[in-house]
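*Asks:* predicted model, plus sequence, below.
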There are 2 protein chains.
Amino acid sequence: MGLSKKDEFTAKQNTLAGYAKALAHPARVAIVEYLSTSQACMCGDIVDVLPLSQSTVSQHLRELKSAGLVKGEIEGTSVCYCLNESGWNEMQSMLGEFLTTMKKCC
Amino acid sequence: MGLSKKDEFTAKQNTLAGYAKALAHPARVAIVEYLSTSQACMCGDIVDVLPLSQSTVSQHLRELKSAGLVKGEIEGTSVCYCLNESGWNEMQSMLGEFLTTMKKCC
DNA sequence: AACATTTATCGTAATATTACGATAAAGAAA
DNA sequence: TTTCTTTATCGTAATATTACGATAAATGTT
C-alpha cells in the first residue's frame, strides 16, 4: 500500500466513510436488521440466525459498536445488544445532508 | 479467512452493503463531493484536488462506477465523470427504507 | 468448589483493499 | 507520422478485513 492517507481528508469525509464502512458487509447489515426486528434486544442468538461462528459475529458486533451504531450492556452472563439511537441519528443527518446537497450534473 | 459467505445473505443485504462499501473510503466520499460541487462535470482534475496519484484515483473511480454511483463518458481524449442519478436514487430509497423501518429497542 | 454458559479476545490463515509507479491505449495536436 | 495529453490497466507491496478454532474471562448453577 503506502500509508493510510486518511488525515489528508476532512473529518467529515472520514466520519461519513466510517459509518459507511460499518454497513459495508452483509453480515453487519443482517445484524442491524435482526436487532431492529427482534424486539427483545436480548442477544447471543444473533449467532444462531447468522451463518457465522460466534467469534466472527462478536468481531462484527465490535465494529458496529466502535462505529457508534450499536451498544451492548452486560446482563448477568449474557450481553444485551441494541441499536444506539444517537449514532444512527448522527449518521442519518450526515447522510441526509450529503444526499440532499448533492447535485447531479448530467 | 475462509471463503466469502456473501451468498449466505439476501440480495438486499448484499446490495445495501455494496453501496455502503462504495462510500467506505474518504477518498471516494471526496470524489463524490467534488463531482457534486464542480458544475462542469469535466474531470481528470479530480486528480489535482486529491492527494492521490492518478492511478489510485482511477481505481477509486472504477469502484464508484461499478457500484453504479458514477458514470463516465468519453469526450475526446478525456473522460467526463458524473454522478449517476439512478444509482443514487436506488441507494437513497434502499437506505431510506432501511432507516425508517428500523426500530431502536433500548 | 466444580461445572456450565456466554461472550471477548488471541492466534492465524486466506483474501481484499489501498496505493504507487510504470506502461499501455487512444485520441488530439504538431 | 511523431508527439503530447489523458485515462486505464498491470505489477507489486503494504496493510486491512474476514473468518475460524481455541482459549480466556466472567458470571451463573449445582
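*Replies:* Sure, I can see it.

*Asks:* how about the residues of chain A near DNA strand D?
*Replies:* Residues of chain A lying close to DNA strand D by CB under 7 Å from any atom of the strand are A:1-4, A:21, A:24-25, A:27, A:51-56, A:59-60, A:63, A:74, A:76-77. Yep, even glycine has a C-beta here, placed from its N, CA and C like the rest.

*Asks:* switch the cut-off to 10 Å
*Replies:* When proximity is defined as CB under 10 Å from any atom of the strand, chain A approaches DNA strand D at A:1-4, A:6, A:18, A:21-22, A:24-28, A:47, A:50-60, A:63, A:74-78.

*Asks:* look at the residue in chain A that DNA strand C sits nearest to and give its secondary structure.
*Replies:* Taking CB to the nearest atom of the strand, DNA strand C has its nearest neighbour within chain A at A:Gly44, 2.0 Å off. When classified by DSSP: H, G, I helix; E, B strand; the rest coil, A:Gly44 comes out as coil.

*Asks:* burial measure for the residue nearest to it when sequence neighbours are not counted, as a count.
*Replies:* Residue nearest to A:Gly44 in three dimensions, not counting chain neighbours: A:Ser78, with 5.2 Å by CB to CB, 6 or more residues apart in numbering or on different chains. Counted with other CB atoms under 10 Å in any protein chain shown, the neighbours of A:Ser78 add up to 12.

*Asks:* contacting residues for A:Ser78?
*Replies:* By CB atoms under 8 Å, 6 or more residues apart in numbering or on different chains, the contact list for A:Ser78 reads A:Met42, A:Cys43, A:Gly44.

*Asks:* and the angle from the helix or strand A:Asn89 falls within to helix B:85-100?
*Replies:* Using DSSP states H and E, A:Asn89 sits in helix A:85-100. Counting by axes from the mean of the first three to the mean of the last three CA atoms, to 10 degrees, helix A:85-100 lies at 160 degrees to helix B:85-100.

*Asks:* so which residues of chain A form helices?
*Replies:* Under the criterion DSSP state H, chain A contains helices at A:11-22, A:26-37, A:46-49, A:54-66, A:85-100.

*Asks:* that older thread, using CSV, lay out the contacts of A:Ser78 together with neighbour count.
*Replies:* Compiled in CSV, these are given as follows (neighbours: other CB atoms under 10 Å in any protein chain shown):
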residue, neighbour count
A:Met42, 14
A:Cys43, 22
A:Gly44, 15
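
*Asks:* distance to A:Glu33 and pLDDT added to those, as JSON lines?
*Replies:* Formatted as JSON lines, the contacts of A:Ser78 follow (distance: CB to CB, whole Å; pLDDT from 0 to 100):
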{"residue": "A:Met42", "distance to A:Glu33": "16", "pLDDT": "72"}
{"residue": "A:Cys43", "distance to A:Glu33": "13", "pLDDT": "75"}
{"residue": "A:Gly44", "distance to A:Glu33": "17", "pLDDT": "83"}
